[in-house]
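> need coordinates for the below:
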Amino acid sequence: MRKLLLFFCLLNLIVGASLSAAALDRQPNADYRARREALATKASGVVVLFAPLEAHDEVYGFRQEDNFFYLSGVTEPGAALLIVSSAEAKADSPARAYAEILFLPPRNLTQEKWTGPKLGPENPDAAKITGFDRVEQIGKLPDEVTRFISGAFPSIYTDVPPQGESASTIALAFVKRSNARLSYQDVKPMLLSLRTSKDPDEVGLIRKAVDASVAAHFAAFKAVKPSVNEREISALMQYEWGRRGCERAAYAPIVGSGINSTVLHYSDDSATLKSGDVVVIDAAGEYSMYAADVTRTLPVSGHFSARQREIYGIVLGAQQAAVAAFQSGRSSISRNGANSLYQVAYDYINTHGRDLHGQQLGQYFIHGLGHYLGLSVHDPGDYNVPLGPGMVFTIEPGIYIPEESLGVRLEDDFYVDKNGKLINLSGALPSTAEDVEKAMLGK
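Numbering: from 1, shown residues only. Got it, this is the predicted structure:
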């Protein structure tokens with residue numbers, strides 16, 4: 001126990017100072033408790049997860065790991081949680097009741113002068129603040145884990161990487177040494193299935209991220225002009241969503257003009273906007289850990305050329321076709337299957353235009369139609385699962401033709417409500433070519 005405590009203390013000292021996490025709009029404790037209980041039902045055993053330590057990152061600061069935050073709402077670095085599902089008595093193990101414990105590292109008052117005050121295990125209100133049944137010092141984790149491990153072939157559900165070891169399996173080595181039969185089971189698939197469907201409060205946080213990002217895009221509409229640098233647009237947008245409560249960008253902002261509009265994840269944002277080009281702006285903020293993801297394509301001069309308008313209209317038509325084809329409980333965003341929205345968008349693109357050589361345009365739609373959205377901008381999950389109530393995802397068709405230095409992408413964030421209706425969370429942002437041009441003129 002002393003060795004594990006010393007391990008965490010030393011690591012916290014070694015990694016040095018970083019910025020503290022910003023204050024978040026935290027959900028009620030009951031929401032996190034419900035998630036822990038749901039995971040306990042799925043895992044039917046012992047779950048142990050570790051929060052990352054504060055890294056020496058003076059640029060971005062500490063951000064809690066998604067799964068740890070999803071289960072706890074705790075932003076403290078170096079914490080750990082233990083969840084134990086209830087079980088009936090068996091021949092090789094006694095009955096047990098559901099249990100949950102949050103472990104916190106001891107406060108380091110010297111380091112807190114650099115990184116800000118932390119919640120310590122000695123705080124008498126720690127359990128009330130976090131909503132856990134018990135809060136203990138991290139040094140007690142070995143004894144508690146060992147106490148709950150039972151059976152002839154015990155296992156722990158934790159973060160198991162495809163290869164090698166993770167911070168969790170390394171930290172749990174003390175259990176392995178004392179019980180050679182212990183095995184690790186990957187808890188991530190269970191968590192991802194839980195995270196796929198968002199509760200109303202999660203959707204509310206995503207909506208705040210989207211609203212702030214939409215406001216930033218409106219500011220960009222007015223700022224895009226010839227001779228403006230791409231980075232100026234990126235900086236303006238980060239200011240706009242930052243002053244609306246977003247703690248950071250949800251991903252590296254993409255402001256790509258001319259040939260850069262055809263590079264999917266272009267992030268240099270270093271070129272100068274030129275008249276006659278289009279600029280793809282894929283940029284959004286993160287609000288209280290939840291991401292938005294919004295893209296619009298603008299004509300730098302304020303008006304689309306005939307060819308730009310044609311390609312833009314095809315991309316918009318593909319998005320509208322996918323939205324129209326949506327059926328709750330049937331449609332998916334996978335590339336395959338009878339109810340694939342991707343296939344609907346691809347078929348639309350492939351039948352509504354040609355390149356300069358007379359070839360179909362489907363070859364220039366080189367990415368998927370969308371992805372899940374949540375604590376991560378590309379929230380992990382099974383794309384083959386039918387889309388249904390509580391799911392939040394993007395629909396983002398695109399056409400990228402390097403030969404013409406012409407890339408067009410339109411991306412909106414959608415939510416399926418409890419009645420199975422598809423809601424466009426970013427629908428306040430203009431989509432048609434005409435409305436985009438009007439917005440650029442301030443109309």
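> hey, where'd the helices end up in the protein?
2-14, 29-43, 66-72, 109-115, 126-130, 141-148, 167-171, 173-178, 188-195, 200-223, 230-242, 306-325, 341-350, 433-440 (DSSP state H).
> let me know the average pLDDT across the third one.
The average pLDDT for helix 66-72 rounds to 98.
> can you pull out the low-pLDDT segments for the stretch 101-250 of the chain?
150-153, 163-165, 167, 176-180 (pLDDT under 70).
> how about the helices of the chain, which one is nearest Val377?
helix 200-223 (9.8 Å; CB to CB). In short, each C-beta sits where N, CA and C put it, glycine included.
> from the chain's centre, how far out does that closest one sit?
15 Å (CA atoms, centre = their mean, to the nearest Å).
> list the buried residues for it?
Of all the residues in helix 200-223, those buried under the rule 16 or more other CB atoms under 10 Å are 202-203, 205-218, 220-221, 223.
> can I get the helices of the chain in JSON lines with distance to His378?
Output for the helices of the chain, formatted as JSON lines (distance: least, CB to CB, whole Å):
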{"stretch": "helix 2-14", "distance to His378": "29"}
{"stretch": "helix 29-43", "distance to His378": "21"}
{"stretch": "helix 66-72", "distance to His378": "11"}
{"stretch": "helix 109-115", "distance to His378": "29"}
{"stretch": "helix 126-130", "distance to His378": "28"}
{"stretch": "helix 141-148", "distance to His378": "32"}
{"stretch": "helix 167-171", "distance to His378": "22"}
{"stretch": "helix 173-178", "distance to His378": "31"}
{"stretch": "helix 188-195", "distance to His378": "12"}
{"stretch": "helix 200-223", "distance to His378": "14"}
{"stretch": "helix 230-242", "distance to His378": "19"}
{"stretch": "helix 306-325", "distance to His378": "18"}
{"stretch": "helix 341-350", "distance to His378": "16"}
{"stretch": "helix 433-440", "distance to His378": "26"}
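> of these, which approaches Leu425 most closely?
helix 200-223 (4.5 Å).
> what angle separates that closest one from helix 29-43?
Put simply, helix 200-223 runs at 110 degrees to helix 29-43, going by axes from the mean of the first three to the mean of the last three CA atoms, to 10 degrees.
> so which of the helices of the chain comes closest to Pro402?
Per CB to CB, nearest to Pro402 of the helices of the chain: helix 306-325, 13.0 Å.
> pLDDT of that closest one, averaged?
Mean predicted lDDT for helix 306-325 stands at 98.
> next one: stretch 350-366
Computed over stretch 350-366, the average pLDDT equals 97.
> likewise stretch 266-275?
Mean predicted lDDT for stretch 266-275 stands at 96.
> list of residues touching that stretch?
If you take CB atoms under 8 Å, 6 or more residues apart in numbering as the criterion, stretch 266-275 is touched by 224-231, 233-234, 252-258, 260, 279, 300-301.
> just stretch 427-434 next, same as before
So stretch 427-434 is contacted by 211, 214, 217-218, 221, 294, 296, 304, 309, 312-313, 316, 319, 410, 412, 436, 438-439 (CB under 8 Å, 6+ apart).
> which pLDDT does the model give the nearest residue to Lys222 once chain neighbours are set aside?
Once flanking residues are discounted, Lys222 sits nearest to Gly442: 6.0 Å by CB to CB, 6 or more residues apart in numbering. Per-residue pLDDT puts Gly442 at 87.
> do Leu6 as well
38.
> same check, this time on Asp435
Looking at Asp435, its pLDDT stands at 98.
> what residue of this protein is the furthest out?
Residue farthest from the centre of the chain, counting by CA atoms, centre = their mean, is Ala91 at 43.2 Å.
> Arg181 versus that residue, what's the distance?
Distance, Ala91 to Arg181, using CB to CB, to the nearest Å: 16 Å.
> equivalent analysis for Arg330, please.
45 Å.
> who has more neighbours out of the two?
Arg330 (14 against 11; other CB atoms under 10 Å).
> neighbours of the nearest residue to the more buried one once chain neighbours are set aside, how many?
Nearest residue to Arg330, sequence neighbours excluded (CB to CB, 6+ apart): Asn339, at 4.8 Å. Using other CB under 10 Å, Asn339 has 16 other residues around it.
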